[in-house]
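Engineer: starting from these lines, generate the structure:
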Amino acid sequence: MGKVRLEFTVEPFTDGAPGPHVRAAIDAVTAAGLTADIGPFGTTADGPEPEAFAAVRALLAAAFAHGATRVSVQVTDLAEGAP
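Structural biologist: Just a heads-up that it's a prediction; the model follows:
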């Protein structure tokens, strides 16, 4: 079982004022046991595959339940030697 990095952006995007749809997605990631690093254009979180994959499902559900119109998610394998 490997470790992955989640990178996600929740829209609509308002600079400096994340709405409830963004906060809900971040809260879902932290509830899954990951630490969210909130950046100016998106949020990242690293963790073991099972927790990270569960976090993706939870963040999608939470974001759309709170008014998101689009969610972009990228998952990167952090295993040593991964491309």
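
Engineer: what segments of the protein are helices?
Structural biologist: All helices of the chain, identified by DSSP state H, fall at 20-31, 49-65.

Engineer: winner for burial among these?
Structural biologist: Mean neighbours per residue, mean count of other CB atoms under 10 Å, is largest over these for helix 20-31, with a mean of 20. Every C-beta, even on glycine, is put in place using the N, C-alpha and C of the backbone.

Engineer: what angle separates it from helix 49-65?
Structural biologist: 160 degrees (axes from the mean of the first three to the mean of the last three CA atoms, to 10 degrees).

Engineer: which helices and strands does helix 20-31 pack with?
Structural biologist: Under the contact definition 3 or more CB pairs under 8 Å, 6 or more residues apart in numbering; DSSP states H and E, helix 20-31 sits against strand 3-11, strand 43-48, helix 49-65.

Engineer: quick one: residues contacting Val22.
Structural biologist: Val10, Ala63, Ala68 (CB atoms under 8 Å, 6 or more residues apart in numbering).

Engineer: again, but for Pro12
Structural biologist: Going by CB under 8 Å, 6+ apart, Pro12 touches Gly19, His21, Ala68, Thr69, Arg70.

Engineer: 6 Å instead, please
Structural biologist: With contact set as CB atoms under 6 Å, 6 or more residues apart in numbering, Pro12 has these partners: Thr69.

Engineer: could you do Ala36 as well?
Structural biologist: With CB under 6 Å, 6+ apart, Ala36 has these contacts: Ile26, Val29, Thr30, Thr43, Ala45.

Engineer: Val4 is nearest to which of the helices of the chain?
Structural biologist: helix 49-65 (4.8 Å; CB to CB).

Engineer: so which elements touch that closest one?
Structural biologist: With contacts taken as 3 or more CB pairs under 6 Å, 6 or more residues apart in numbering; DSSP states H and E, helix 49-65 sits against strand 3-11, helix 20-31, strand 70-77.

Engineer: same list (those) but as CSV, adding distance to Ala58.
Structural biologist: Formatted as CSV, the helices and strands packed on helix 49-65 follow (distance: least, CB to CB, whole Å):
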stretch, distance to Ala58
strand 3-11, 11
helix 20-31, 4
strand 70-77, 12
